[in-house]
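Peer 1: For reference, the sequence and a predicted model appear below.
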Amino acid sequence: MIRSQTGKVSPLAIIIILLLGFFLLFQPFERRLFDSTATPRAITARGDLAQDEQNTIELFKSISPSVVYITTIALRRNMFSLNAVEIPQGTGSGFIWDKDGRVVTNYHVISDANRIEVTMADHSTWKAVLVGAAPDKDLAVLQIDAPAHLLQPIPVGESVNLQVGQKVFAVGNPFGLDQTITSGIISALGREITAITGRKIRNMIQTDAAINPGNSGGPLLDSAARLIGVNTAIYSPSGTYAGIGFAVPVSEVNRVVPQLIRSGKLIRPGIGVTLADARLVKRLGIEGVLVLGVQAGGPAHKAGLRPTQQFSNEIVLGDIITAVAGRQVRSWDDIRTELERHSVGDKVIIDIIRDGTGEKLLMELSALAE
């Protein structure tokens with residue numbers, strides 16, 4: 001044993017002894033750590049997939065050819081050379097509407113784009129042009145020149161008989177990851193969100209199916225793989241999935257899209273009036289919607305609706321609209337919502353207050369282009 005001149009064991013000797021001990025202890029463990037005869041383990045038979053899993057797989061296979069990936073591109077000029085440079089701006093989703101190559105998506109997906117590209121399920125990419133848009137509904141229709149064999153129109157369902165708790169599926173391209181499916185249920189019906197125009201979109205479907213940036217414009221499906229809504233927005237403090245997503249119901253989509261295809265714009269029934277701002281109405285303490293102006297020759301003019309007028313230094317307030325077709329209204333948004341329950345040419349009773357007295361006026365709705 002190594003000892004110092006004082007007869008004590010030196011620190012170096014202690015270290016050597018400890019290392020030797022660890023080596024002797026570890027050697028048997030190290031031999032057990034590796035096995036040269038190791039082979040892959042036998043696979044445990046899985047058995048058949050559950051019926052619910054099979055249904056989801058079949059649903060995705062059947063619907064994925066109808067779902068597309070949308071890329072928007074903006075043009076920017078180099079500040080020195082003034083040459084135009086194309087910059088990818090954003091991504092979204094959409095779906096094939098018909099065999100003529102029309103694609104439906106959200107308006108906010110393509111609203112600021114200089115150029116739009118649509119990528120199909122087979123990864124082929126096609127230039128798209130805008131057919132028409134309804135910003136107040138956050139819907140848009142694009143056109144691509146793809147061959148017929150790539151164009152599989154999505155099956156259209158219905159939204160009037162949806163029920164809370166019903167299973168739904170969202171297909172789209174979250175964060176640019178194309179052909180993604182998520183599932184959930186209908187969490188609520190009749191929700192409201194605000195479009196990029198500031199107008200309320202009513203009767204929205206709320207779902208907990210995972211919807212993230214890039215899902216916008218993609219289809220929300222029922223368990224029969226039918227379109228029941230267009231995924232439009234999420235509620236999320238962080239900007240990502242938080243369990244609350246919203247979709248435009250297919251009943252609205254099936255009403256708006258044909259109009260956009262026919263004329264490039266949404267034709268709304270209207271009465272031809274200019275209405276006061278809600279803040280002004282509130283300041284005046286008015287219960288209803290104050291009429292500022294009346295379009296000459298329009299339904300309101302023909303029915304005798306009175307506008308607000310100025311005589312010398314005196315302003316005489318016009319009629320106040322309080323109800324449309326028996327439904328109370330408190331804003332221009334309320335009035336438009338009620339009018340859209342009808343069609344151009346329908347005759348509707350408008351309740352007003354004139355000089356403190358209630359009256360009813362019958363108006364035939366005319367066409368107003370959005």
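Peer 2: Received it, and whenever you're ready, just let me know what you need. Residues are numbered from 1 along each chain as shown.

Peer 1: List the contacts of the residue nearest to Pro65 when sequence neighbours are not counted.
Peer 2: With CB to CB, 6 or more residues apart in numbering as the measure, Gln152 is the residue that lies nearest to Pro65, at 4.3 Å, once sequence neighbours are left out. The way it works is simple: take the backbone N, C-alpha and C, and place the C-beta from them, glycine included. With contacts defined as CB atoms under 8 Å, 6 or more residues apart in numbering, the neighbours of Gln152 are 65-66, 96.

Peer 1: can I assume Gln152 sits in a helix?
Peer 2: No - judged by DSSP: H, G, I helix; E, B strand; the rest coil, Gln152 forms no part of a helix; its state is coil.

Peer 1: Tell me which helix or strand comes right after the longest strand belonging to the chain.
Peer 2: For the chain, the strand with the greatest residue count under DSSP state E is strand 180-194. Once the chain leaves strand 180-194, the next helix or strand it forms, by DSSP states H and E, is strand 200-207.

Peer 1: measure the residue nearest to Pro65 to Val109 for me?
Peer 2: 21 Å (CB to CB, to the nearest Å).

Peer 1: just Ala278 next, same as before
Peer 2: Ala278 is 29 Å from Val109, by CB to CB.

Peer 1: Walking through the stretch 201-350 of the chain, point out its helices one by one.
Peer 2: When assigned using DSSP state H, counting those that start in this stretch, the helices of the stretch 201-350 of the chain occupy the ranges 250-263, 278-284, 299-303, 332-339.

Peer 1: Same list (the ones you listed) but as CSV, adding mean pLDDT.
Peer 2: Shown next, in CSV, are the helices of the stretch 201-350 of the chain (pLDDT from 0 to 100):
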stretch, mean pLDDT
helix 250-263, 94
helix 278-284, 80
helix 299-303, 92
helix 332-339, 87
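
Peer 1: nearest to Pro237, of those helices?
Peer 2: With CB to CB as the criterion, Pro237 lies closest to helix 332-339 of these, at 25.9 Å.

Peer 1: on contacts alone, who are the packing partners of that closest one?
Peer 2: Judged by 3 or more CB pairs under 8 Å, 6 or more residues apart in numbering; DSSP states H and E, the packing partners of helix 332-339 are strand 200-207, strand 267-270, strand 289-294, strand 320-324.

Peer 1: And those, which one averages the lowest pLDDT?
Peer 2: Mean pLDDT per stretch puts strand 267-270 lowest among the helices and strands packed on helix 332-339, at a mean of 87.

Peer 1: returning to what we had before: between Ala278 and Val109, who's got more neighbours?
Peer 2: Val109 (25 against 15; other CB atoms under 10 Å).

Peer 1: bridging residues for the residue nearest to Ile286 when sequence neighbours are not counted?
Peer 2: Nearest non-adjacent residue to Ile286, counting by CB to CB, 6+ apart: Ile320, 5.7 Å away. Note on Ile320: beta-bridge partners Leu290, Ile353, judged by DSSP bridges.

Peer 1: and Ala128, how many neighbours?
Peer 2: So Ala128, with other CB under 10 Å, has 27 neighbours.

Peer 1: Which residues belonging to the helix or strand encompassing it are considered buried?
Peer 2: Ala128 is part of strand 125-134 when elements are defined by DSSP H and E. Within strand 125-134, the residues that count as buried by 16 or more other CB atoms under 10 Å are 126, 128, 130-134.

Peer 1: ok, of those, which one's closest to Ile144?
Peer 2: For the buried residues of strand 125-134, the nearest to Ile144 is Trp126 (4.2 Å; CB to CB).

Peer 1: ok, for that closest one, nearest residue in space, not its chain neighbours?
Peer 2: Ile144 (4.2 Å).

Peer 1: what's the distance between that neighbour and Leu150?
Peer 2: 9 Å.

Peer 1: ok, now Val344?
Peer 2: Val344 is 36 Å from Leu150, where distance means CB to CB.

Peer 1: re earlier: tell me which other helices or strands the strand holding Ala128 touches.
Peer 2: helix 107-110, strand 115-119, strand 139-144, helix 250-263.

Peer 1: what are the pairing partners of the third one, and which direction each?
Peer 2: Think strand 139-144. Strand 139-144 has these strand partners (DSSP bridges): strand 102-105 (antiparallel), strand 125-134 (antiparallel).

Peer 1: any chance of these in a markdown table, plus mean pLDDT?
Peer 2: Formatted as a markdown table, the strands paired with strand 139-144 follow (pLDDT from 0 to 100):
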| stretch | mean pLDDT |
| --- | --- |
| strand 102-105 | 97 |
| strand 125-134 | 95 |
